[in-house]
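> Starting from these lines, generate the structure:
(2 chains)
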Amino acid sequence: MSLSLAWDPLFRVPLATGLMLAVALPLLGAFLRMREQWLSGLGVAQLAAAGGVVGALVHGPVALFALLGAALGGIARALTRSTRNEHYAVMLLGGWAAVMLLAKYGHDANMAAMNLLNGQLYFTSLPHLLGAALLLAATILCGHWLARRLLITRLFPGHFRANRQPAWPHELCLEALLVGGVVLGISTMGVMATFAMLFIPPWVAFRLARGWMRALRVSTLLGAGAYVAGFMLALALDVPFGPALVAVLLLTTPLRLVPFRFGRAA
Amino acid sequence: MTDKAPLLTLIDVRAGYAQPVVGPVSFILSPGEVLGLKGINGVGKTTLLKLILGEARLFGGSLHRPPEVTVAHHRQRPERPPELPLTGEEVLRIASVGTTGLPARMAALCHRCLDEMSGGEFQLLHAWACLMGPARLVLLDEPTNNLDQEAIELLLTELETLAPERGVLMVSHDTAFLEATCHRIVPLCP
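Predicted structure coming up:
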């Protein structure tokens, strides 16, 4: 394929959809990383994929069932109260097993499994574009408020309970953004690429940047830059987009070895 | 609530988790007061703080904290999140603590990330954030852990100039620090 295809009208919606997700997902990933719940991205993504496959099996709307699957992950988090990465490992294993086993029970289920695991960025349409725009807008609008409350909880555990203030607003907000981001991500980029977007940019940025806001900016720059490079690479080499994106993201990880941090030091 | 009303009233309190581990304990913390809790390891000092925070069970007696009394809690071992790129200044801003006119020791921490600080520096930052924030009731659990003498003096100075509407309840094994800072010390017996 030719690189010039990137500017083809056929690829504009996929390019724009993915670019907005490439900004939103690293921001959400930064919140997860801050809470040391970075594996939850993959756990929720696999549950969402399993939900989507169930939807295909019963000839229901795949996206809605994927949302329900992802929401199950949120309920599990709420029930276990202090969810750790071990819990997310169970989620991702359970979700993956469900996807692979259920996919054997029909052509639609098999197709849904392939699409959700591998992504189908080039086939995204207006609903995906609008969904990505909504997610990005919500993440940016809620971001400052959400980040402050999550950071308070991280640094001063029990603060809201001790002061008789509800914690559910910010917990629900993060859950809703994560569920929406994961479902949009797996239906466009696929499970692994979505997890890579949630995990790698903040992981690198937290090491490179001095200061929370600077880390968020570096996360989004890495995410967006890797996305554009992955998009171009996939077109130029005629390879699947998801693995190309993951490969480009992995190429950024040696930046963690840089022996200084960007930003003013004492 | 008037400014002179107690911030905290405990009457014959027995507290614990699955079963009581401390009590009966009674004391009143008034605005402008620094109250110390003293006792051997395991006697239940931290459990009493947790009861006030809603993290332990009340098995007997009564505990009253007026609803408008906000609380800040410095834990015995505040957890430092690994590789979080938050600077000291950002921690203070999150805790609603002013960052202008800081003592030199605190100003030096402002532009450093949490993972670039020593354990003692993080302890000092966390205790400072709790003490200098807007909460009317400050619970300090072993605030001098890992602190050098200069850092301890810094906390001591701020405790001596506590605003009249605020109160501090402090747990410490550092008897000298308790005696230097507290208006009263409540001993807990097993």
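> mind listing the helices for chain B?
B:45-53, B:88-94, B:104-107, B:119-132, B:149-160, B:175-181 (DSSP state H).
> got a list of contacts for the fourth one?
What it means is helix B:119-132. A:155-156, B:72-75, B:78, B:80, B:88, B:91-92, B:94-95, B:97-98, B:105-106, B:109, B:112, B:114, B:117, B:138-140, B:143, B:145-148, B:151, B:154-155, B:158-159, B:168 (Cβ atoms under 8 Å, 6 or more residues apart in numbering or on different chains). In short, each C-beta sits where N, CA and C put it, glycine included.
> What parts of chain B come near chain A?
By Cβ under 8 Å from any Cβ of the partner chain, the residues of chain B that approach chain A are B:52-55, B:67, B:70-73, B:75, B:78-79, B:81-87, B:90-91, B:94-95, B:108-113, B:126, B:129-130, B:135.
> I'd guess residue A:27 is in a helix, am I close?
Yes - assessed by DSSP: H, G, I helix; E, B strand; the rest coil, residue A:27 belongs to a helix.
> Please look at it and residue A:220 and confirm they touch.
Yes - taking Cβ atoms under 8 Å as the definition, residue A:27 is a contact partner of residue A:220 at 6.3 Å.
> Quick check on the contacts of helix B:119-132: which are buried?
A:155-156, B:72-75, B:78, B:80, B:88, B:91-92, B:94-95, B:97, B:106, B:109, B:112, B:114, B:117, B:138-140, B:143, B:145, B:147, B:151, B:154-155, B:158-159, B:168 (16 or more other Cβ atoms under 10 Å in any protein chain shown).
> Any stretches of the chain with poor pLDDT?
All of this is about chain A. Along chain A, segments meeting pLDDT under 70 span A:1-6, A:80-83, A:265-266.
> not quite, I wanted chain B
B:1-3.
> need the strands for the stretch 1-150 of chain A, in chain order.
Remark: no strands are assigned in the stretch 1-150 of chain A by DSSP state E, counting those that start in this stretch.
> residues near residue A:169, how many?
For residue A:169, the neighbour count with other Cβ atoms under 10 Å in any protein chain shown is 13.
> Distance check, the nearest residue to it once chain neighbours are set aside against residue A:256.
In space, residue A:169 comes closest to residue A:149 once its chain neighbours are excluded; the distance is 7.7 Å by Cβ to Cβ, 6 or more residues apart in numbering or on different chains. According to Cβ to Cβ, to the nearest Å, residue A:149 stands 28 Å off from residue A:256.
> Which of the two has more residues huddled nearby?
For residue A:149 and residue A:256, the more surrounded residue by other Cβ under 10 Å is residue A:149, and the numbers stand at 21 against 14.
> Return the residues of chain A in contact with chain B.
Checking chain A against chain B by Cβ under 8 Å from any Cβ, the hits are A:34, A:36, A:148, A:151-152, A:154-159, A:161-164, A:205-207, A:209-212, A:214-215, A:261, A:263-266.
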